[in-house]
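Student: How does the following fold in three dimensions:
(2 chains)
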There are 2 protein chains.
Amino acid sequence: MAADLQPGPMIDSVEKSEPDRQLRVQWNDGSEFSYPYVWLRDNCLCPSCYHAQGKQRLLTMAELDIDVQPSTISMSTDRKGVTVDWSDGHQSTFSTDWMVQLHKSSFVDGAKEKTSRHVWGSELQGNIPTFAFEDLLKNDAILLEWLETLRDTGLVVTNKMPLCIGQVKLLGDRIGYLRQTTFGFDFPIKSRYDDNHVAYSGKALPLHTDLPHFKYTPGTLMLHCVKQCSGKGGESHFSDGFNAAYQLRDEDPEAFEVLSNTPIDFIDIGYDTFQFYTKYGRPVFSFDYKGNLERIHYNNGTRDMRLRVPQDKVYKLYKALKAYDDILNRPTNKISYRMAEGDMVTFDNLRVLHGRGEFELGVSGERHLDCGFVDWDCINSKIRVLREQLGMSFHEY
Amino acid sequence: MAADLQPGPMIDSVEKSEPDRQLRVQWNDGSEFSYPYVWLRDNCLCPSCYHAQGKQRLLTMAELDIDVQPSTISMSTDRKGVTVDWSDGHQSTFSTDWMVQLHKSSFVDGAKEKTSRHVWGSELQGNIPTFAFEDLLKNDAILLEWLETLRDTGLVVTNKMPLCIGQVKLLGDRIGYLRQTTFGFDFPIKSRYDDNHVAYSGKALPLHTDLPHFKYTPGTLMLHCVKQCSGKGGESHFSDGFNAAYQLRDEDPEAFEVLSNTPIDFIDIGYDTFQFYTKYGRPVFSFDYKGNLERIHYNNGTRDMRLRVPQDKVYKLYKALKAYDDILNRPTNKISYRMAEGDMVTFDNLRVLHGRGEFELGVSGERHLDCGFVDWDCINSKIRVLREQLGMSFHEY
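Tutor: Sure thing, here's the model as predicted:
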């Protein structure tokens, strides 16, 4: 009998633990686990408390009695379920499968989360993780590896791409969708003599993040090289902004503090898909609610002329900006990669800074990158969907 | 002579102030202002330092000498410009117009910014700012007023809209663009018997913000009533989440702390325009780098079953959630508005919580809202563009 061959978790005993308002369960593998009453009641899966198809809680916070207690508890005869009659008159039944699955992924201390992100320096030179474009489109396991590498390393190269526009959009659609901005969905960076933006010239671009003048700066950027410049130059530069920030914190704590607490405004005024006047200010280093470094916003070209610091603090601000810029550009931190035609670089725009070397506008035609943004919401959603489809476990926030 | 009639600002004298590394200017109106050397050099507007058409700084942080000093300073004969020869060998010329404009909007202490946002309670019942749709499409001044009201009050009603879909998209395009999500650009909320989401049922929806399971939660939400339910119910509810948060901070500081520091995960798994598994966690209250309340994320329906707190802190978390929910729903804080067909409500989705009353799925057909999101980057950009076009001053971050 299959049920006997794969019995799954079973309960040995279940009892109330009044002092801490929890249901204490002894499992048949010898382990013990406690479930807070209010949490169990909140997560009743009956049709009046939970919308199974929409996977949404119907029980409102107004209806929930946070002091709810079990009046009676009964274990099912097969020891694979618990039924609780609650003090609010409701009855809930919980399966052992649900109880085990949920306790394994709940009640962890929020401060103890792990990240698989790893910072890097020049050791990545010549070692940027590289994937073939066709594999990303056709193979879910390889696409997943690409997405997780992008998340953890913050930089991936994709090669063997067709030499035409639309490939960035194709990959964006495979992940979810491209993030629209004032520049549209996918957009060209083409060198031209009548440039109206530094990106369209042959000038060098120092290390920067894109669109820091957005409150919602796009999470990742894809640059697909449809045509490379014919002469020398035009190589892409990268530096891990987190790596440099940690070094700054160690070497010059005062500068780190300045860049953590002083708002820098970035600004972009112009006309592309429509007329815009985009501006946003925050410190170069942004932190999450636990104080962990979360985002870098830094772009010297679009840094606003106006400063939101009194004059006597201006020098210290420039000193801090320069100290960070210096570290980003150290040979031990910076790498370069000259895209061949058909290559694409993709990177975490909230962490990895990018730039490019100067090049000459050649007679044989213009350098042309096809570009697009994808947000982390899209990427993380796709990672979960793929891991689930491929039968792989996942547990990340 | 026009130049004499409107002379603009002129300089009486200019000199170096060595101790604080600033250029001190006496203006002909009797005022005095000092400009830090490094800031002036950083903002040189010559063609090799600044890309005028792209409005971008070409001078890199690596090239900037933060200890730069003027070697000679000369005032133009018309007293409307200053030329500085710098210690790095460069020469810059600054016009008095630029110098005055920039000093009026720079060197303010970042901590002293003002906001025109005003919180509200039930006094807004019957007084929600209301605009006619056609005016928004045709009149720039009225559109600007609508956008600024949305920013400051967080809630506006628009009426006299055509009873067909596409109007949300039309207004979104007029502002900039609709924010794409897993639900597409504009999307219907239609009541139906085979609902796969609580929003599509006739059930009441308690006060919530939309899409807290996104890291980048959309900034504003537009709900256009194409068809209202034929019977009773279906009214929209609103509560100012900032107002309720400030009340919670005063009345129950411990609960405010819990909701400021405990991550709550929200989750959405399903298929709409594509298959998704969206999840994100952060405290209900998010703060900016200065510690000011910045965003509210709260949705009891999509709150994840899993909790990122150890069991002994679970009760306190529910207690805090319930305390906030109670305050949101107080008659003194909550307002309701039953949309007529052709009405649209638009609100700040990072501040104002919305919900709806229960209704019966009538025989005469389904309730139908056409919905879309617009991000604050788009709105704030449009506000600046319109103010500039209308010749109105603006200075906000």
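Student: Could you tell me what pLDDT the model assigned to the residue of the stretch 151-300 of chain A found nearest chain B?
Tutor: Nearest to chain B, among the residues of the stretch 151-300 of chain A, is residue A:277, at 3.7 Å (CB to the nearest CB). C-betas here are computed from N, CA, C, even on glycine. Residue A:277 is assigned a pLDDT of 96 by the prediction.
Student: Excluding chain neighbours, give the residue nearest to it in space.
Tutor: Nearest non-adjacent residue to residue A:277, counting by CB to CB, 6 or more residues apart in numbering or on different chains: residue B:384, 3.7 Å away.
Student: hang on, that neighbour in a strand?
Tutor: No. Assessed with DSSP: H, G, I helix; E, B strand; the rest coil, residue B:384 is helix; it does not lie in a strand.
Student: circling back to that earlier point, so what's the residue count around the residue of the stretch 151-300 of chain A closest to chain B?
Tutor: Using other CB atoms under 10 Å in any protein chain shown, residue A:277 has 20 neighbouring residues.
Student: and if you look at the one 10 residues further on?
Tutor: Residues lying near residue A:287 (other CB under 10 Å) number 13.
Student: does it have beta-bridge partners, and which?
Tutor: Legend: beta-bridge partners of residue A:287 under DSSP bridges are residue A:293.
Student: Would you check that it makes contact with residue A:261?
Tutor: No. Contact criterion CB atoms under 8 Å: residue A:287 and residue A:261 do not qualify, at 10.3 Å.
Student: Establish whether stretch A:45-52 and chain B are in contact.
Tutor: Yes. Against chain B, stretch A:45-52 shows contacts by CB under 8 Å from any CB of the partner chain at residue A:51.
Student: Show me which residues of the stretch 51-200 of chain A are close to chain B?
Tutor: Contact residues (CB under 8 Å from any CB) of the stretch 51-200 of chain A with chain B: A:51, A:53-58, A:60-62, A:64, A:66, A:102, A:105-110, A:113, A:176-177, A:179-180, A:182, A:195-198.
Student: Tell me which of these fall in strands.
Tutor: A:51, A:56, A:57 (DSSP state E).
Student: ranges for the helices of the stretch 201-350 of chain A?
Tutor: For the stretch 201-350 of chain A, the helices defined by DSSP state H, counting those that start in this stretch cover A:241-251, A:253-261, A:314-328.
Student: for the stretch 51-200 of chain A, that is, sorry about that
Tutor: A:96-105, A:133-138, A:140-153, A:167-175.
Student: Residue B:393 is in contact with the residue nearest to residue A:277, correct?
Tutor: No. When contacts are counted by CB under 8 Å, residue B:384 is not listed as touching residue B:393 (11.0 Å).
Student: returning to what we had before: make a markdown table from the ones in strands among the residues of the stretch 51-200 of chain A next to chain B and add pLDDT, distance to residue B:150 and neighbour count to it.
Tutor: Formatted as a markdown table, these follow (pLDDT from 0 to 100; distance: CB to CB, whole Å; neighbours: other CB atoms under 10 Å in any protein chain shown):
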| residue | pLDDT | distance to residue B:150 | neighbour count |
| --- | --- | --- | --- |
| A:51 | 93 | 31 | 18 |
| A:56 | 94 | 28 | 19 |
| A:57 | 96 | 30 | 24 |
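Student: Run through chain A and note the low-pLDDT ranges.
Tutor: A:1-6, A:111-113, A:193-194, A:362-365, A:395-397 (pLDDT under 70).
Student: switch the cut-off to 90
Tutor: Where chain A drops to pLDDT under 90, the residues are A:1-8, A:53-54, A:103-105, A:108-116, A:189-204, A:229-233, A:271-274, A:359-367, A:393-397.
Student: Break it into its domains for me.
Tutor: A:2-107, A:122-389 (automatic domain parsing).
Student: Any idea how far the last one is from the middle of the chain?
Tutor: The one in question is domain A:122-389. Centre-to-centre, domain A:122-389 and its host chain are 14 Å apart (CA atoms, centre = their mean, to the nearest Å).
Student: end to end, how far does that domain reach?
Tutor: From its first residue to its last, domain A:122-389 covers 36 Å (CA to CA, to the nearest Å).
Student: hmm, back to that, who has more neighbours, residue B:384 and residue B:393?
Tutor: More crowded of residue B:384 and residue B:393, by other CB under 10 Å: residue B:384, with 19 against 6.
Student: I'd like to know how many residues surround residue A:52.
Tutor: Neighbours of residue A:52 using other CB under 10 Å come to 10.
Student: That one and residue A:58: what is the separation?
Tutor: Distance, residue A:52 to residue A:58, using CB to CB, to the nearest Å: 10 Å.
Student: just to revisit the earlier point, mind checking which of the helices of the stretch 51-200 of chain A is nearest residue A:246?
Tutor: Residue A:246 lies closest to helix A:140-153 among the helices of the stretch 51-200 of chain A, at 15.9 Å (CB to CB).
Student: Against which helices or strands is the closest one packed?
Tutor: Judged by 3 or more CB pairs under 8 Å, 6 or more residues apart in numbering or on different chains; DSSP states H and E, the packing partners of helix A:140-153 are strand A:130-132, helix A:133-138, strand A:155-159, helix A:167-175, strand A:344-348, helix A:376-389.
Student: just the ones you listed: most buried one?
Tutor: When those are scored by mean count of other CB atoms under 10 Å in any protein chain shown, the highest mean neighbour count falls to strand A:344-348 (a mean of 24).
Student: and the angle from the helix or strand following it to helix A:314-328?
Tutor: Using DSSP states H and E, the next helix or strand after strand A:344-348 towards the C-terminus is strand A:352-356. Computed by axes from the mean of the first three to the mean of the last three CA atoms, to 10 degrees, the angle separating strand A:352-356 from helix A:314-328 equals 80 degrees.
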